[in-house]
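Novice: Give me coordinates for this.
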Amino acid sequence: MNSSWVWGRICKSKYEMVAGYTNGKWNVQPDGHTPAGSYEWFRGSKPKVSWYKVVWNGWVIPKNQFMGWLIAHAALNTTSKLVGFGVDIENKCCICALAEETTEHLFCERAYSKRVVREVNKMTSWNYPECGVLNWCMERTGTMLQKGIQNAMMLSLIYQIWHQRNKYRNEKTLLCPERVAKHIIEEMRARVRGRDKMQMNLVDLEWLKKMNLFE
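Specialist: Numbering: from 1, shown residues only. The predicted structure is shown next:
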């Protein structure tokens, strides 16, 4: 029988699920069977990672979430990482050429990235440090909205710096830090505009105005 891979995998999963039953009863959930419970049992329990609330929150744009996921897994294909895989390329930073292109150099050490951070801080009254990425956001205080927006801004900043790196590498063009910062802020303003202001409390609204994100 020439069935598709998907159908074959479904059939295989059916037989694997048999291990969860004895005498016609679902052993894992004594009070009754649910699809969610079956999935959790089949997948196995996994501990929550410390960065999940930073990356997977509703204020973050999906493309920026993917960048955060890559950073958290140390999976960003910097030139240093590619050289480690055996790729024959120059591993110096393509913009400053002063150091190896590592994640730390890209987002914490390079002068261009620091200038972008300074501009965002200046335009929004934010206090994101020049030398910090995911760990800083995990230590934030404030309401859920405030922490969510700060996480989203941080991941937007990371995405835009990586985007500028790729643009310079391929086209030898680079936006000035001020324009990159403005793009990040406009991206966050658009996210705020898309939310129902009636569901925001006065503390959050005042904070948004202070951050120059509420029009």
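Novice: hey, where'd the helices end up in the chain?
Specialist: 5-17, 35-43, 52-55, 62-72, 79-84, 103-104, 111-124, 134-138, 144-171, 177-193, 202-210 (DSSP state H).
Novice: Now the weakest link among these, please, by mean pLDDT.
Specialist: Ranked on mean pLDDT, the bottom entry among these is helix 134-138, at a mean of 70.
Novice: Need the residues that contact that helix.
Specialist: By Cβ atoms under 8 Å, 6 or more residues apart in numbering, the list of residues contacting helix 134-138 from outside reads 50-51, 53-55, 68, 71-72, 128-129, 147, 150-151, 154. Every residue, glycine included, has its C-beta placed from N, CA and C.
Novice: Show me how to select, in PyMOL, the buried members of those residues.
Specialist: In PyMOL, a selection of the buried entries from the contacts of helix 134-138 looks like this (16 or more other Cβ atoms under 10 Å):
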select buried, resi 51+54+55+68+71+72+128+147+150+151+154
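Novice: one step back: distance to Cys96 added to the helices of the chain, as TSV?
Specialist: As requested, those are arranged in TSV below (distance: least, Cβ to Cβ, whole Å):
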stretch	distance to Cys96
helix 5-17	46
helix 35-43	44
helix 52-55	27
helix 62-72	20
helix 79-84	13
helix 103-104	14
helix 111-124	6
helix 134-138	23
helix 144-171	10
helix 177-193	13
helix 202-210	33
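Novice: List the buried residues of stretch 66-80.
Specialist: For stretch 66-80, burial by neighbour count (16+ other Cβ under 10 Å) applies to Met67, Gly68, Trp69, Leu70, Ile71, Ala72, Leu76, Thr78, Thr79, Ser80.
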